[in-house]
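Peer 1: Any chance you could fold what I've pasted below:
(2 chains)
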Amino acid sequence: MLELFTYDFMQRSLLAAAMVGGLCSVIGVFVVLRGLAFVGAGTAHAAFAGVALGYLMGWPPLLLAIIFGLATVWITGWVEEKGRMKLDVSIGILYTTTMALAILFIGLMKTYNAEVYGYLFGSVLSVTSEELRTIGGLSILVLGLILLFSKELYFIAFDQEMAEASGVPARKIFFLLLTLVALTVVVSLKTVGAILVFAMILIPASTAYQLTHSLRTLTMYSILIGISTSVSGVLISAVWDIPSGPAIVLLATSIFFLAILFSPKREGRFAQAA
Amino acid sequence: MSESANPIIQFDHATFGFPGVVALQDISLSIGMGEFVGVIGPNGSGKTTLCRAVLGLMAPLTGHLRIFDCACGELRCHHRAQIGYLPQKGVVDRNFPVTVLETVMMGRYGTLGLFKRTTKRDQAIALDALAHVGMDAHRDTALGHLSGGQQQRVFIARALAQQPKVLLLDEPTTGLDITTQHNVIELVAQLHKELGLTVLLITHDINMIRSHVDRLVLLKTRLFAAGPPAEVLKPDILRQVYGKDVVITEKDLVIVEDYHHHH
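Peer 2: So this is what the prediction gives:
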């Protein structure tokens, strides 16, 4: 098994998995606490529609994924702010619309394009050096912004109205959070795919939620779980020759259920935490 | 209508609401530095609107509202940080994974501003605020493990950690048992004295606050009365606002009988 580490492709995939796992688990803390789970799932599918359009028109797929992802989260945030509609309804509509667009774009393609499906199901084992650089660059950007605005992000995740009332520019920070969610989804698209990326964001933070009462500890646990399950998932996928995305997600899910079983929190909390 | 020597909050014929819906009409009121003002009125009388207005979250449709000598629409984040606010209970997820000290530290965030890290000094201020509400022994306890009254104390400490000029409390005793209600009000009165804070306390419970406040403000969309409790709590004034549900007993207690049926 050790010889696996000598292959270039393996080194690249492990590095990509570690970066994506770390990034998703950090942003996941705010997504879980602020209750944005469905927003993220919708964003992933919107970003995939961007990728499909990119391949159809011969434009850069990642750039279009970013545009589609950002448009989706900003529209969602705007609708919630205006109080026009419940967040889950508006994101549900955008989710299905962008998925319809994705299917339409794929249908319009003259030939079968395996690369597009790579973005849907993820293919961490085929990550190129160039993609690795993109993932690295975007990860540093997102993590840097989270670090810079961490105290405000924590506060709006706890209570956005209270944050606003006590002098935090809560609206702007909320849109920053939505933007970071969209960027994280795009960064992770190639590695784990549009379908599974949200599991990578939700599961580590939800698992950590079972284990602590402190925000700081929650974040540390989430990162630890995110990176370790991503890296182990890639190894399992290489050793047993199974797809990497499901390997990572199913491993993370198992740990989530173990955490629920052995959670030190009292029983009444399980339903809410999940 | 009501003047104060050193006003910190000034309503001048201010009307609030949304197009077609008036929540507060033609309010003229000025609140002085260091005053303890109780705001009372029945459900839907505009108490919470008044609260949002003072926080600068709602600008008047007509008229003016000045806070810290600044038009409320132009209230910046650093102004807001000078108002320590205790929202109505039930807004926050009580299972949120956060400790008592982490909660109180959040009170420092708006005051510090963007890009600034919290320091030892901020922690000292937060711990001092916790000591003021008698919760310093619980600094590392999970917020969700505390009783309702203890949580209110922690939220008051968070407001104090802002080192505010004004303490704004929106029905701080709702959902607490009677002893805890008294304790919370006693605490607020004590903080008003010790720290010289201007306190604006919104409540249903006239009896609970009447002996502590300098002035009472009686709202029902309009401002019906404002003045010392003895001047405001008169049968004819109260009946105009609360209808026939008001009973004034020999001990001068005001009982709004119908109130509990609304809940």
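
Peer 1: Give me the phi and psi angles of residue B:12.
Peer 2: Dihedral pair for residue B:12: phi -130, psi 100, per degrees, to the nearest 10.

Peer 1: How many neighbouring residues does it have?
Peer 2: 14 (other CB atoms under 10 Å in any protein chain shown). Any C-beta I mention is one placed from the backbone N, CA and C, and that applies to glycine too.

Peer 1: Not counting sequence-adjacent ones, nearest residue to it?
Peer 2: Nearest residue to residue B:12, sequence neighbours excluded (CB to CB, 6 or more residues apart in numbering or on different chains): residue B:64, at 4.3 Å.

Peer 1: Might you report the residue contacts of residue B:104?
Peer 2: B:126, B:129, B:130, B:154, B:157, B:158, B:161 (CB atoms under 8 Å, 6 or more residues apart in numbering or on different chains).

Peer 1: thinking again about what came up before, what's the first helix or strand after the helix or strand that contains the residue nearest to residue B:12?
Peer 2: Secondary structure from DSSP states H and E places residue B:64 in strand B:62-67. Once the chain leaves strand B:62-67, the next helix or strand it forms, by DSSP H and E, is strand B:70-71.

Peer 1: Give me every residue in the stretch 51-200 of chain B lying close to chain A.
Peer 2: B:55, B:57, B:77-85, B:87, B:91-93, B:95-99, B:102-103, B:106-107, B:109-112, B:114-115, B:117-118, B:140, B:142-145, B:158-159, B:162 (CB under 8 Å from any CB of the partner chain).

Peer 1: which of those are buried?
Peer 2: The neighbour-count criterion (16 or more other CB atoms under 10 Å in any protein chain shown) marks B:55, B:57, B:77, B:79-85, B:87, B:92-93, B:95-99, B:102-103, B:106-107, B:109-112, B:142-144, B:158-159, B:162 among those as buried.

Peer 1: element containing residue 159, please.
Peer 2: Unless you meant another one, I'm taking chain A. helix A:150-165.

Peer 1: Let me rephrase: I mean chain B.
Peer 2: helix B:148-161.

Peer 1: again, but for residue B:84
Peer 2: Here residue B:84 is assigned to strand B:83-86, by DSSP H and E.

Peer 1: Now residue 216. Nearest residue, chain neighbours left out?
Peer 2: Defaulting to chain A. Per CB to CB, 6+ apart, closest to residue A:216 is residue B:102, 7.3 Å.

Peer 1: Can you look at chain B instead?
Peer 2: residue B:232 (4.3 Å).

Peer 1: Check the offset of stretch B:47-54 from the chain's centre.
Peer 2: 9 Å (CA atoms, centre = their mean, to the nearest Å).

Peer 1: So what does residue A:128 look like in phi/psi?
Peer 2: According to degrees, to the nearest 10, residue A:128 has phi -90, psi 170.

Peer 1: That one contacts residue A:8, doesn't it?
Peer 2: No. Here residue A:128 lies out of contact with residue A:8, judged by CB atoms under 8 Å, at a distance of 10.3 Å.

Peer 1: Between those two, point out the one with more neighbours.
Peer 2: Per other CB under 10 Å, whichever of residue A:128 and residue A:8 has more neighbours is residue A:128, with 12 against 8.

Peer 1: mind listing what residue A:47 touches?
Peer 2: So residue A:47 contacts A:65, A:66, A:68, A:69, A:72, A:182, A:185, A:186, A:189, A:194 (CB under 8 Å, 6+ apart).

Peer 1: Now with 7 Å, please.
Peer 2: Neighbouring residues of residue A:47 by CB atoms under 7 Å, 6 or more residues apart in numbering or on different chains: A:65, A:68, A:69, A:185, A:186, A:189, A:194.

Peer 1: Tell me the one among the residues you listed nearest to chain B.
Peer 2: residue A:185 (24.0 Å; CB to the nearest CB).

Peer 1: Surely that closest one touches residue A:45?
Peer 2: No. Using CB atoms under 7 Å, residue A:185 is not in contact with residue A:45; the gap is 9.4 Å.

Peer 1: Tell me which of these two has more neighbours.
Peer 2: Per other CB under 10 Å, whichever of residue A:185 and residue A:45 has more neighbours is residue A:185, with 31 against 27.

Peer 1: separation between the more buried one and residue A:257?
Peer 2: 25 Å (CB to CB, to the nearest Å).

Peer 1: Not counting sequence-adjacent ones, nearest residue to the one residue in chain A that gets nearest to chain B?
Peer 2: Nearest residue of chain A to chain B (CB to the nearest CB) works out as residue A:167 at 2.7 Å. Closest residue in space to residue A:167, ignoring its immediate chain neighbours: residue B:110 at 2.7 Å, by CB to CB, 6+ apart.

Peer 1: Is that neighbour in a helix, a strand, or coil?
Peer 2: Following DSSP: H, G, I helix; E, B strand; the rest coil, the label given to residue B:110 is helix.

Peer 1: now swap in residue B:25 and tell me
Peer 2: Per three-state DSSP, residue B:25 ends up strand.

Peer 1: would CSV of the contacts of residue A:47 with pLDDT and distance to chain B be doable?
Peer 2: Below are the contacts of residue A:47 laid out as CSV (pLDDT from 0 to 100; distance: CB to the nearest CB, whole Å):
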residue, pLDDT, distance to chain B
A:65, 95, 29
A:68, 95, 29
A:69, 94, 25
A:185, 93, 24
A:186, 91, 25
A:189, 88, 29
A:194, 87, 29
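
Peer 1: Could you dump the residues you listed into a markdown table and include secondary structure?
Peer 2: Converted to a markdown table, the contacts of residue A:47 look like this (three-state DSSP):
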| residue | secondary structure |
| --- | --- |
| A:65 | helix |
| A:68 | helix |
| A:69 | helix |
| A:185 | helix |
| A:186 | helix |
| A:189 | helix |
| A:194 | helix |
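
Peer 1: pLDDT below threshold where in the chain?
Peer 2: Using chain A here. A:1, A:265-274 (pLDDT under 70).

Peer 1: ah, I was thinking of chain B
Peer 2: Looking at chain B by pLDDT under 70, you get B:1-5, B:90-94, B:245, B:248-263.

Peer 1: Strands of that one, start to end?
Peer 2: Secondary structure of chain B by DSSP state E: the strands cover B:7-18, B:21-32, B:36-40, B:62-67, B:70-71, B:83-86, B:166-170, B:198-202, B:215-220, B:222-227, B:246-248, B:254-256.

Peer 1: how about those strands, which one is nearest residue A:231?
Peer 2: strand B:83-86 (44.7 Å; CB to CB).

Peer 1: What lies in contact with the closest one?
Peer 2: Contacts of strand B:83-86 (CB under 7 Å, 6+ apart): A:165-166, B:54-55, B:155-156, B:159-160, B:162, B:164, B:166-170, B:172.

Peer 1: same question, stretch A:88-95
Peer 2: Residues from elsewhere that reach stretch A:88-95 (CB under 7 Å, 6+ apart): A:38, A:39, A:41, A:42, A:45, A:46, A:72, A:75, A:76, A:79.

Peer 1: Pipe these into CSV and attach secondary structure and distance to chain B per row.
Peer 2: Output for the contacts of stretch A:88-95, formatted as CSV (DSSP: H, G, I helix; E, B strand; the rest coil; distance: CB to the nearest CB, whole Å):
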residue, secondary structure, distance to chain B
A:38, helix, 17
A:39, helix, 17
A:41, helix, 21
A:42, helix, 22
A:45, helix, 27
A:46, helix, 28
A:72, helix, 25
A:75, helix, 23
A:76, helix, 21
A:79, helix, 18
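
Peer 1: residues from the stretch 101-250 of chain A in reach of chain B?
Peer 2: Counting by CB under 7 Å from any CB of the partner chain, the stretch 101-250 of chain A comes close to chain B at A:148, A:151-152, A:155, A:158-159, A:161-162, A:164-169, A:209, A:212-215, A:218.
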